[in-house]
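Undergrad: With the input below, show me the fold.
(chains A and B)
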Amino acid sequence: MTIVPVCPSPILQHETVQMAHGAGGRLSQTLMQRVFMPHLHNAFLDLLDDQAKLDLPAGRTAFTTDTYVVSPVFFPGGNIGELAVNGTVNDLSVGGATPIYLSAGFVLEEGFSLVELETIVKSMAEAARKAEVMIVTGDTKVVGKGQCDRIFINTSGIGIIREGVNLSCRNLQPGDTIILSGTVGDHGMAIMTSREGLSFQSRITSDCAALNAMIAAVLDVVPSVHAMRDPTRGGVAATLNELAVSSAVGIEINETAIPVKPDVRGACELLGIDPLHVANEGKLVLAVAGEYAGTVLDLLRSCEPGRDAVIIGSVVNDHPGMVVMRTAFGSRRIVDLPLGEQLPRIC
Amino acid sequence: MKYIDEYRNPQLARKLLDEIRRKTTRHWTIMEICGGQTHSILRNGIDQLLPDTIELVHGPGCPVCVTPLESIERALLIASRKDVIFTSFGDMLRVPGSSKDLFMVRSEGGDVRIVFSPLDALQIARDNLQKEVVFFAVGFETTAPANAMAVYQAAREGILNFSVIVSQVMVPPAMRAILSSPDNRVQGFLAAGHVCAIMGYAEYEPVARDFHVPIVPTGFEPVDLLAGILKTVELLEEGRAEVVNRYGRVVSREGNLVAQETIGKVFEVTDRQWRGIGLIPGSGLSLRADFSQYDAEKKFDVTHICTSESSLCMSGSVLQGILKPDDCPAFARECTPEHPLGATMVSSEGACAAYYNYHRNAYLL
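TA: Below is the predicted model of the structure:
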């Protein structure tokens, strides 16, 4: 047996995230150059400064932040990366803002696959390109094995609020029409049915999508829309309850009007979950004065994420703060907030 | 969706409602046994659509609701142990013991996991041989076969790091207890469809005869429930104390014999405490002596437990159909799903939770 003398130089090629990737040294630079920059690079990031120096267009600024911890990281119809971009784009858009700039902060678990990380970064770049926003600053930290679950991403966003638009959950008026932009529960059920421990297969895919183009199409024509919300955690039920409480009005919806995909409905039936309580990541709930409802509905339906848009109900003077559903049988019941944890880590 | 849409058909429902109105000549009190039925009734507003002369009262068929506080305290103690992976159906995690629930045990570092089947819990035991895996085997006759199968498989494979806390209960003894109570108001029953799918309905025939009540095995969808109510009304109006099946697509007279055999191999009948109701003789199942090594309560020595219930909670009367949830002075005041005083407010199948979720401001509806 012969021993070949080798020089013990440090390993710079890894297949998984190492603690040193977050330590600010050479491996951190490697991670930047090999994984992040090829996909995300732009005039701001290329400077490699600690901050992005931005000139904002005129108008009021909207600023939002959200942290994404979805499990599994890859799910049918998307991954944590595009969720992190689209989610923040949507949070700005439903306030009447045109999203412009995003930040991205990563918390990586030691041992997380670099190939998977690159896939996630790539889809963030793609999602940002589609939504016409730029990721202008970012940060990466690595924590020890077991101290986080694979990857967490925070995104913050800045947008400029459109002139003449005033969207707020406090603006609902009796007589308003409530419109929903499509089927409910797709994202939450895509996550639920792809989780470990649930051994049934489905074709349910997440509805994860940026809504800014669709919202712009609506507000260009009908700037007087009263309120918009993207019904994420807690589903449409939680969103409607928030709107009813904030505006101190009642909301009435029709059970038969709520669109649910057959697969989603089947999974919900099986698991005993109300589709109205299940998260969405590419849907919009809005309230608009009844006279504009038809126009808004047509505008939504002309955009891909809103092609199944429907009127689901109206705002009433009765039962302020409460959402009431007329059932298919003509009886009425309360649509309540879901209580506590329904699905673990959906976004 | 097949097997759902036809049983949620509004036209069919209206026909059945008309028929119920036509057949009813006097006031009748009918109990639906199962919490799943209670929720479907309230969710679909079936109680609002029935004539005033038909009163539905809600039965004890919510396994989470009737699991004694002592069992929950034992579960909390076992789940807190460092060497234990505690597994349960999701419902049980929010049920409070005297001072905390299983979610709180988890937040304190306990390894508490939600499973969808006891066989999943057994798989966790196979995958974690250095840990003790405990499953909270709660339920009526519906969960008994799978729970029995998990224990039977564990024994067959010689898996020794698996055990169960058994809190299995059975419907017919509870019906007898309700009918024997001096406060009883129930004149007819909608028997629980899924329980009957396992056990068949022959075992209800002596109950119908002894207490002179009609019993109708009934499903869970609006049309199922209305068909069950209609049949019960017809039997009551005609004075016939019979068992008539109205859930034919699922229930037979004999039930599922393979499932019954599995239950019989692993479990034997025992007296059991029902939360809020008390001891009902011969109403529970416990592990047979051959399987006693799978009894978590013995394995972890948690048999001596003292508990106290909220003095405000009237869930015992609710579970026996003596009171409606909103008859209780604490309902929606001291007792809400966020701060439940009793299990009927916690469980997704509990009658108090159903009233709270769908009807708490009934005067508005």
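Undergrad: For burial, what's the neighbour tally of whichever residue of chain A sits closest to chain B?
TA: Residue nearest to chain B within chain A: residue A:331 (2.3 Å; CB to the nearest CB). The C-beta positions use only the backbone N, C-alpha and C, and glycine is treated the same way. Using other CB atoms under 10 Å in any protein chain shown, residue A:331 has 21 other residues around it.
Undergrad: How about residue B:42?
TA: 25.
Undergrad: Test my guess that it contacts residue B:355.
TA: Yes: counting by CB atoms under 8 Å, residue B:42 touches residue B:355, with 6.7 Å between them.
Undergrad: just the strands in the stretch 201-347 of chain A please.
TA: Secondary structure of the stretch 201-347 of chain A (DSSP state E, counting those that start in this stretch): strands at A:227-229, A:250-254, A:285-289, A:310-316, A:323-326, A:332-334.
Undergrad: most tightly surrounded among the ones you listed?
TA: strand A:227-229 (a mean of 25; mean count of other CB atoms under 10 Å in any protein chain shown).
Undergrad: on contacts alone, who are the packing partners of that strand?
TA: Packing contacts for strand A:227-229, counted by 3 or more CB pairs under 8 Å, 6 or more residues apart in numbering or on different chains; DSSP states H and E, involve helix A:235-247, strand A:285-289.
Undergrad: export those to a markdown table and tack on distance to chain B and mean pLDDT?
TA: Listed next are those as a markdown table, based on distance: least, CB to the nearest CB, whole Å; pLDDT from 0 to 100:
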| stretch | distance to chain B | mean pLDDT |
| --- | --- | --- |
| helix A:235-247 | 11 | 97 |
| strand A:285-289 | 21 | 98 |
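Undergrad: nearest to residue A:189, of those?
TA: helix A:235-247 (10.6 Å; CB to CB).
Undergrad: now the angle from that closest one to strand A:310-316?
TA: 30 degrees (axes from the mean of the first three to the mean of the last three CA atoms, to 10 degrees).
Undergrad: for the residue in the stretch 151-300 of chain B that chain A sits nearest to, what are its contacts?
TA: Nearest residue of the stretch 151-300 of chain B to chain A (CB to the nearest CB) works out as residue B:222 at 6.2 Å. Contact analysis of residue B:222 by CB atoms under 8 Å, 6 or more residues apart in numbering or on different chains lists A:329, B:7, B:8, B:13, B:40, B:44, B:46.
Undergrad: Residue A:119 and residue B:307, how far apart?
TA: According to CB to CB, to the nearest Å, residue A:119 stands 52 Å off from residue B:307.
Undergrad: what's near enough to touch residue B:10?
TA: Taking CB under 8 Å, 6+ apart, we find residue B:10 in contact with A:328, A:329, A:330.
Undergrad: Pull the number of nearby residues for the first one.
TA: The criterion is other CB under 10 Å. On that basis, residue A:328 has 16 neighbouring residues.
Undergrad: And the last one, by the same measure?
TA: By the other CB under 10 Å criterion, the neighbourhood of residue A:330 contains 13 residues.
Undergrad: Next: the second one.
TA: The burial count assigned to residue A:329 is 21, neighbours taken as other CB under 10 Å.
Undergrad: pretty sure it contacts residue B:13?
TA: Yes: if you go by CB under 8 Å, residue A:329 and residue B:13 touch, sitting 5.3 Å apart.
Undergrad: any shared contact partners between these two?
TA: In contact with both residue A:329 and residue B:13: B:49, B:222, using CB under 8 Å, 6+ apart.
Undergrad: residue nearest the centroid of chain B?
TA: By CA atoms, centre = their mean, the mean C-alpha position of chain B lies nearest to residue B:62, the distance being 2.7 Å.
Undergrad: Tell me how far that residue lies from residue B:141.
TA: Residue B:62 is 14 Å from residue B:141, where distance means CB to CB.
Undergrad: Equivalent analysis for residue B:188, please.
TA: When CB to CB is the yardstick, residue B:188 and residue B:141 sit 21 Å from each other.
Undergrad: Name the nearest residue to the residue of chain B found nearest chain A, ignoring sequence neighbours.
TA: Closest residue of chain B to chain A, CB to the nearest CB: residue B:45 (2.3 Å). Once flanking residues are discounted, residue B:45 sits nearest to residue A:331: 2.3 Å by CB to CB, 6 or more residues apart in numbering or on different chains.
Undergrad: Now do the one you found against residue B:321, distance only.
TA: From residue A:331 over to residue B:321 (counting by CB to CB), the distance is 22 Å.
Undergrad: three-state assignment of residue B:216?
TA: For residue B:216, the assignment made with DSSP: H, G, I helix; E, B strand; the rest coil gives strand.
Undergrad: neighbouring contacts of stretch A:326-336?
TA: With contacts defined as CB under 8 Å, 6+ apart, stretch A:326-336 is touched by A:237, A:240-241, A:252-256, A:276, A:322-325, B:8, B:10, B:13-14, B:42-46, B:48-49, B:222, B:357-361, B:365.
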